[in-house]
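Novice: Quick one, structure for this:
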Amino acid sequence: MKAAHIAVCTVLVLLLTEAQVSTAVTCSPTQLSSCVSAITSSAPPSKLCCSKIKEQKPCLCQYLKNPNLKKFINTPNARKVASSCGTPYPKC
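Specialist: Just a heads-up that it's a prediction; the model follows:
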């Protein structure tokens, strides 16, 4: 689990350089770092995680188009986290 956490954090940091602006939201995958433990385990998402998912919702399709992020975002746990946070999983 620690290796997965480190891998996700590393990918998110590397992708920070690809941040774009969409609908007054700064798309930055690192904003979802508070969700790593919930996505990579069965831990429930924190309130911070849920607020960041809602904030980054306009960016989720962009993240799904990125192969480095898709493997983490397009998972059953990621869908479960989004659902737990009351954010519908995007249909891109």
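Novice: Identify the residue nearest K57 in space, chain neighbours excluded?
Specialist: Once flanking residues are discounted, K57 sits nearest to T87: 5.7 Å by C-beta to C-beta, 6 or more residues apart in numbering. Every C-beta, even on glycine, is put in place using the N, C-alpha and C of the backbone.
Novice: and if you look at K65?
Specialist: C92 is the one closest to K65 (C-beta to C-beta, 6+ apart), at 7.4 Å.
Novice: Could you measure from the residue nearest to K57 over to K71?
Specialist: 20 Å (C-beta to C-beta, to the nearest Å).
Novice: Neighbour count: the two, which is higher?
Specialist: More crowded of T87 and K71, by other C-beta atoms under 10 Å: T87, with 17 against 13.
Novice: Thought I53 was touching that one, still the case?
Specialist: Yes: the pair T87 / I53 is scored as a contact, 5.0 Å apart, by C-beta atoms under 8 Å.
Novice: just the strands in the chain please.
Specialist: 20-22, 25-27 (DSSP state E).
Novice: And the ones you listed, which one averages the lowest pLDDT?
Specialist: Within those, confidence is poorest for strand 20-22, with a mean of 41 (mean pLDDT).
Novice: what is the mean pLDDT for stretch 29-37?
Specialist: 95.
Novice: how far does it sit from the chain's center?
Specialist: 6 Å (C-alpha atoms, centre = their mean, to the nearest Å).
Novice: which of the residues in it are buried?
Specialist: P29, Q31, L32, S33, S34, C35, V36, S37 (16 or more other C-beta atoms under 10 Å).
Novice: Relative to S83, which of the residues you listed is nearest.
Specialist: C35 (12.8 Å; C-beta to C-beta).
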